[in-house]
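Trainee: model the following, please.
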Amino acid sequence: MKNTQKKLNAKHFRYLSKTDIDDPMVYLNDFFENEICIEYWPHQIGLVINAAANEEMNSEWIEAGFYVKRLIKQVELAYVIFKKCEIQYQEKPLDFLKCIRDYWNYVSGSGLTVDEVDLPADTISRFFSYQSLRDWYGTLDDLWETICNRNGDFLCNEGNEILAVRELLKRLAIALHRIYQNGVLPEREGETRKVEDGVSAANATLSETEEPERAVAETPENNVLHPKQGIALPTEMRVSACYKEAVRDFFDKKQLDDWKRQVSYWRQAVMTEGVFWSASTDHNYDGSALLFNYACIYPLLALFFRECETRQDPCVAGDWSQGKFFCGTKSIHILHRGKLLHLTHITVEQLENPLGAIIQLLGQYTKADWDGILYDWLHYGLSKEAYVYGKYYDQTMRIYELLINVMELAYVLAFEEEIEIVDHVAQLDPYLWDSPNTSATC
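Mentor: Below you'll find the predicted structure:
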């Protein structure tokens, strides 16, 4: 029988690197020695869940982004161990206590035992028997969004589900720490029970069908924009065979001017202390709106980077200090579907080859740089603090102008067969003009 299980790859995950996947112990050693104290970590997980489940418990001292990002990375790492060690599924993942000694070991903090044997692999088995990696992404994204919006609507207030998620996440943290203490991954066979009779075929055959995000075969019609460092993508952000169609899908979510206004406000929130998306009463600028924007913009840039990889002359990160971008220069005007649009950051030369111009613009930074930039923007967009200490804090305006430039070029690229470039605006009838408030400003 042909083995259809695909090799785990960093592109399938949001945060894991190739090193993390090749040797999970490297990450566990660094995490438990330099980042987190195990005596505090389960309690911190509990506080995060409480903050999402009850808005009165949502303290300003809880750094949602910091904790949720680490939770997601640990879940990803647990999935790698789950696959590498060929851990089996269980029919009743929430049936934790098998004997009285398991009970006392748990309440005393002695460990997570099964019939008095401490088995980290059993906890990982229960974790992914409860729900798939893709579902865990959705749960943790909901956790982050609910804390940011402060509405106490985590998992639709389903108490049974919240309790299960809380317990499983705390137990996973303890199990990963035990693996760190042991200094070695669980054995491939014998550490967990085999799949019991009655387990669904969907679970039993997952190795043949599931990638880390229910990832897909590498055929063009099934390609998915994988968020290497970010929020789980909405299902409607699936990529079609043609990248141009994917770009059109991006502008189906919002019009060009709307995207430019959103990015402009995002830049203000990043740069200005006390300005952040969660604080706005306008639903267009609340925390969930920013998360959605991130989940759309990230794969848009990733799409162009993948296109860059297919070219004979791939983009290489250049010296960002050499480029100059000026907001407020003479606009280029285009007519599309009876509406006049003002392109504030495009040059005539860029119009000759929009895709090449986009790749050149994105090449000002590496793909890894862009991942870090967008994540920092997301963090500080949701935070009361201003972005003044990060690696690229002094380049925020330049990055903003790059994003606007890329979006305008992407719009031209997506609709180049439909738009008309207008050289002399004065010749147009006045009714074609938008009101002054509809144009994005710098």
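Trainee: what count of nearby residues applies to the closest residue to residue 65 other than its chain neighbours?
Mentor: Once flanking residues are discounted, residue 65 sits nearest to residue 379: 4.7 Å by CB to CB, 6 or more residues apart in numbering. C-betas here are computed from N, CA, C, even on glycine. Burial of residue 379, expressed as a neighbour count using other CB atoms under 10 Å, amounts to 18.
Trainee: tell me which helix or strand residue 379 sits in.
Mentor: Element membership for residue 379 (DSSP states H and E) is helix 367-381.
Trainee: other SSEs contacting the helix or strand following that helix?
Mentor: Reading on from helix 367-381 to the C-terminus, the next helix or strand found by DSSP H and E is helix 396-414. Packing partners of helix 396-414 (3 or more CB pairs under 8 Å, 6 or more residues apart in numbering; DSSP states H and E): helix 243-253, helix 256-271, helix 287-310, strand 339-343, helix 348-352, helix 354-362.
Trainee: nearest to residue 185, of these?
Mentor: helix 287-310 (30.6 Å; CB to CB).
Trainee: what packs against that closest one?
Mentor: helix 133-149, helix 243-253, helix 256-271, helix 354-362, helix 367-381, helix 396-414.
Trainee: let's see 6 Å
Mentor: If you count contacts as 3 or more CB pairs under 6 Å, 6 or more residues apart in numbering; DSSP states H and E, helix 287-310 packs onto helix 133-149, helix 243-253, helix 354-362, helix 367-381.
Trainee: contacts for the last one next, please.
Mentor: Same thing as helix 367-381. Helix 367-381 is contacted by residues 65, 228-229, 266, 269-270, 277, 290, 294, 298, 301, 305, 387, 390, 392, 399 when judged by CB atoms under 6 Å, 6 or more residues apart in numbering.
Trainee: rerun that using 7 Å as the cut-off
Mentor: With contact meaning CB atoms under 7 Å, 6 or more residues apart in numbering, helix 367-381 is reached by 65, 228-230, 266, 269-270, 276-277, 290, 294, 297-298, 301, 305, 317, 362, 365, 386-387, 390-392, 399.
Trainee: do the same with the first one
Mentor: With contacts defined as CB under 7 Å, 6+ apart, helix 133-149 is touched by 48, 51-52, 58, 62, 64, 68, 71-72, 75, 79, 153-155, 165, 212-214, 231-232, 278, 286-288, 291, 382.
Trainee: what does the third one give?
Mentor: Contact with helix 354-362 is made by 301, 304-305, 307-308, 315, 350, 370, 402, 405-406, 409-410, 412-413, as judged by CB under 7 Å, 6+ apart.
Trainee: mind running it again at 6 Å?
Mentor: For helix 354-362, contacts defined as CB under 6 Å, 6+ apart pick out 304, 308, 315, 350, 402, 405-406, 409, 412-413.
Trainee: helix 243-253 and that helix, what's the angle between them?
Mentor: Here the directions of helix 354-362 and helix 243-253 differ by 70 degrees (axes from the mean of the first three to the mean of the last three CA atoms, to 10 degrees).
Trainee: then the first one?
Mentor: Relative orientation of helix 133-149 with respect to helix 243-253: 30 degrees, computed using the same axes, to 10 degrees.
Trainee: buried residues in helix 133-149?
Mentor: Across helix 133-149, burial judged by 16 or more other CB atoms under 10 Å covers 133, 136-137, 139-149.
Trainee: in JSON lines: those residues, plus distance to residue 117.
Mentor: Shown next, in JSON lines, are the buried residues of helix 133-149 (distance: CB to CB, whole Å):
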{"residue": "133", "distance to residue 117": "26"}
{"residue": "136", "distance to residue 117": "26"}
{"residue": "137", "distance to residue 117": "31"}
{"residue": "139", "distance to residue 117": "29"}
{"residue": "140", "distance to residue 117": "30"}
{"residue": "141", "distance to residue 117": "35"}
{"residue": "142", "distance to residue 117": "34"}
{"residue": "143", "distance to residue 117": "32"}
{"residue": "144", "distance to residue 117": "35"}
{"residue": "145", "distance to residue 117": "39"}
{"residue": "146", "distance to residue 117": "37"}
{"residue": "147", "distance to residue 117": "37"}
{"residue": "148", "distance to residue 117": "41"}
{"residue": "149", "distance to residue 117": "43"}
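Trainee: put the buried members of the contacts of helix 367-381 into a ChimeraX selection.
Mentor: Per 16+ other CB under 10 Å, the buried members of the contacts of helix 367-381 correspond to this ChimeraX selection:
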select :65,228,229,230,266,269,270,276,277,290,294,297,298,301,305,362,365,386,387,390,392,399
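Trainee: identify the residues contacting residue 399.
Mentor: Contacts of residue 399 by CB under 6 Å, 6+ apart are residue 373.
Trainee: how about residue 16?
Mentor: Applying CB under 6 Å, 6+ apart, the residues near residue 16 are 10, 76.
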